[in-house]
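In: quick one, structure for this:
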Amino acid sequence: METAELFPARPERVRITLPFGRAHGLHPRLLVSELTSRTPLAARDIGDFEIHGTTTYLDIPANAADQVYAAFRNWRGVKPHGDRSY
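Out: Numbering: from 1, shown residues only. Take a look at the predicted model:
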């Protein structure tokens, strides 16, 4: 008898903390946009997140944590006129 997975196994997930939040101009759409443009993550890979004043908590696949930290190492937020600050 052959069996097949109906859904691919989800990789182990971790909750990470990023050192910026709403005070830095971060909002949900910007967070997802930055994650998908700076890392190999797709929007569907991003789990729950909480954006607070100066901290963001984010659930992602465990194997992407180092990539997310590296991608945001120099991120300083959004400039007052709306441009991204890299």
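
In: for the lengthiest helix in the chain, what is the average pLDDT?
Out: Identified as the longest helix of the chain according to DSSP state H is helix 28-38. Helix 28-38 comes out with an average pLDDT of 94.

In: send the alpha carbons of that helix over as CSV?
Out: Extracted C-alpha coordinates of helix 28-38, given in CSV (Å, rounded to 0.1, in the frame of the first residue of the first chain):
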residue,chain,number,x,y,z
PRO,A,28,1.9,44.8,9.3
ARG,A,29,2.0,45.4,5.5
LEU,A,30,5.5,46.8,5.7
LEU,A,31,6.7,43.9,7.9
VAL,A,32,5.5,41.3,5.4
SER,A,33,6.8,43.3,2.5
GLU,A,34,10.3,43.7,4.0
LEU,A,35,10.4,40.0,5.0
THR,A,36,9.5,38.7,1.6
SER,A,37,11.8,41.1,-0.2
ARG,A,38,14.9,40.6,2.0
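
In: what does whichever helix or strand comes after it contact?
Out: For helix 28-38, the succeeding helix or strand toward the C-terminus, using DSSP states H and E, is strand 49-51. Strand 49-51 is contacted from outside by Gly21, Arg22, Leu26, His27, Pro28, Leu31, Thr56, Tyr57, Leu58, Asp59, using Cβ atoms under 8 Å, 6 or more residues apart in numbering. (C-beta placed from N, C-alpha, C; glycine too.)

In: give me the buried subset of these.
Out: Among these, those scoring as buried are Gly21, Leu26, Leu31, Thr56, Leu58 (criterion: 16 or more other Cβ atoms under 10 Å).

In: how about low-confidence regions in this structure?
Out: Along the chain, the model assigns pLDDT under 70 to residues 1-11, 79-86.

In: mind doing that once more with 80?
Out: By pLDDT under 80, the low-scoring segments of the chain are 1-11, 76-86.

In: please name the residues that touch the residue nearest to the spatial centre of it.
Out: Closest residue to the average C-alpha location of the chain: Leu35 at 4.7 Å, with Cα atoms, centre = their mean. Residues counted as contacts of Leu35 (Cβ under 8 Å, 6+ apart) are Leu41, Ile46, Ile60, Val68, Ala71.
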